[in-house]
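Q: test case, fold it:
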Amino acid sequence: MPTQLDIAYAAGIFDGEGTVAIPSRLAVKMTTRAPIEHLHNTFDGHFYEWGPTKTGRPVYEWRVNGPDVIRVAESMRDYALTKRRELDIIISYYKYRDKYPDEQTGKQGDLS
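A: Numbering: from 1, shown residues only. Modelled structure (predicted):
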């Protein structure tokens, strides 16, 4: 179970290096492994190591997709400074997409 300090630190990493892709992804890529491992240990998700960059360094990536996005975004939201608005948007997207059916199909939103 992550502590509030773990979550606050993770939010700081995310604030500086993270990306929000609506509708369904939060991610951080870095050439330093330890912060990416911290994100993975704190929130689970996916951990990737990509081939070396032009400078020969590996790139590490943490990513969370689909329904887990809302859990992670809500956890980090109060600690985020630069990405708080993006986290609010993705939280709202998930919360309200399920409530309102698609106008074309009449089906509830897809959370994948």
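Q: where are the low-confidence patches of this protein?
A: 97-112 (pLDDT under 70).
Q: list the beta-bridge partners for the spatially most central residue of it.
A: Centroid-nearest residue in the chain, with CA atoms, centre = their mean: residue 26, separated by 2.4 Å. Beta-bridge pairing of residue 26, defined through DSSP bridges, involves residue 20, residue 64.
Q: how close does it sit to residue 54?
A: To residue 54, residue 26 is 26 Å away according to CB to CB, to the nearest Å. For every residue, glycine as well, the C-beta is placed using N, CA and C.
Q: and for residue 2?
A: In terms of CB to CB, residue 2 sits 35 Å off from residue 54.
Q: who has more neighbours out of the two?
A: residue 2 (14 against 5; other CB atoms under 10 Å).
Q: is it true that that one touches residue 43?
A: Yes - the pair residue 2 and residue 43 qualifies as a contact (CB atoms under 8 Å) at a distance of 7.5 Å.
Q: identify the contacts common to the two.
A: 10, 75 (CB atoms under 8 Å, 6 or more residues apart in numbering).
Q: so what's residue 25 closest to, chain neighbours aside?
A: residue 65 (5.3 Å; CB to CB, 6 or more residues apart in numbering).
Q: now do the contacts for that neighbour.
A: By CB under 8 Å, 6+ apart, the neighbours of residue 65 are 24, 25, 45, 46, 112.
Q: where's it relative to residue 26, distance?
A: Residue 65 is 8 Å from residue 26, by CB to CB.
Q: just the buried members of the contacts of residue 65?
A: Neighbour-count burial (16 or more other CB atoms under 10 Å) applied to the contacts of residue 65 gives 24, 25, 45.
Q: same list (the residues you listed) but as JSON lines, adding distance to residue 9.
A: Putting the buried ones among the contacts of residue 65 into JSON lines (distance: CB to CB, whole Å) gives the following:
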{"residue": "24", "distance to residue 9": "24"}
{"residue": "25", "distance to residue 9": "21"}
{"residue": "45", "distance to residue 9": "16"}
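Q: wasn't residue 54 part of a helix?
A: No - assigned with DSSP: H, G, I helix; E, B strand; the rest coil, residue 54 falls outside any helix and is coil.
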